[in-house]
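Colleague: Structure for the following, please:
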Amino acid sequence: MKYLILSFLLLLGMSSLAQNPAENFESALIPKMNRAEVAYSSDKHSFTLDIISNNVKPQDIPGLVLVDNKVLQFVFIPDVIAQSTDTSELLQKEFLLAYMNYETDYVKNNAKIAYTNLAHQWLTIGGKLFLLWYYDMPPECKTVKRQINLSSMCFRHPLNLNTPQTPEDIFDDSEQLLVKVSQTLKLNDFKLDFDALYKQLNPK
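Modeller: Modelled structure (predicted):
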């Protein structure tokens, strides 16, 4: 399953740009009938995303799950923070493009993956700005045709959702998996209690 490793490598690079972390976030994957909830929380902020599926299987790599046998990865990097407290659309775009460029430079120069056809577009999902970006994998990578990412900012930190498009997949289906999950993003100005959230989602 080489594509899992490639997907993981993709999102390691920018952590080496660590700034003074503003918050210490923890995460949890909380199952519920017909779906699972991905939750992140610090002492003062939290956010959640829902995966609507009867078939969600966590993997050994943190943040990596199989959804109906398709790989989906969540990466949130609290050590990387936008230096400005201005959250205008212009500055969000500058930050997210810098994030994309750093990650793709890491893939090419550190992971030595000769990708091609890097492209991106801006989406507004649930009133929030997202950057959809993707590139083609080299021909020798037989298990992955394209890497597809959807990035946004949560409390001035980058959040990235990623899925590899296999040769059997359709691009629109892979994109819609990321969009569907992103539509459920909820930002909170309070700490989440994961145990209490589990009990709320799974009442006896």
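Colleague: where does residue 40 fall, phi/psi-wise?
Modeller: The phi/psi pair for residue 40 (degrees, to the nearest 10) reads phi -130, psi 140.
Colleague: Count the neighbours of it for me.
Modeller: 23 (other C-beta atoms under 10 Å). Glycine gets a C-beta too; all of them are placed from N, C-alpha and C.
Colleague: quick one, what contacts it?
Modeller: Neighbouring residues of residue 40 by C-beta atoms under 8 Å, 6 or more residues apart in numbering: 25-27, 46-48, 76, 154.
Colleague: Residue 151 too?
Modeller: Counting by C-beta under 8 Å, 6+ apart, residue 151 has contacts 96, 99-100, 130-131, 133, 158-161.
Colleague: and these as CSV, adding neighbour count, secondary structure and distance to residue 196?
Modeller: Converted to CSV, the contacts of residue 151 look like this (neighbours: other C-beta atoms under 10 Å; DSSP: H, G, I helix; E, B strand; the rest coil; distance: C-beta to C-beta, whole Å):
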residue, neighbour count, secondary structure, distance to residue 196
96, 22, helix, 33
99, 25, helix, 32
100, 21, helix, 36
130, 24, strand, 29
131, 22, strand, 33
133, 23, strand, 36
158, 25, strand, 28
159, 21, strand, 23
160, 24, strand, 27
161, 25, strand, 26
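Colleague: got these as CSV, with distance to residue 195 and pLDDT columns?
Modeller: Below are these laid out as CSV (distance: C-beta to C-beta, whole Å; pLDDT from 0 to 100):
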residue, distance to residue 195, pLDDT
96, 33, 94
99, 32, 92
100, 36, 95
130, 31, 98
131, 34, 98
133, 36, 98
158, 28, 93
159, 23, 96
160, 27, 96
161, 26, 97
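Colleague: Can you tell me which of those residues is nearest residue 59?
Modeller: Among those, residue 161 lies closest to residue 59 (C-beta to C-beta), at 15.0 Å.
Colleague: Now do stretch 78-85, average pLDDT.
Modeller: Regarding stretch 78-85, the rounded mean pLDDT is 77.
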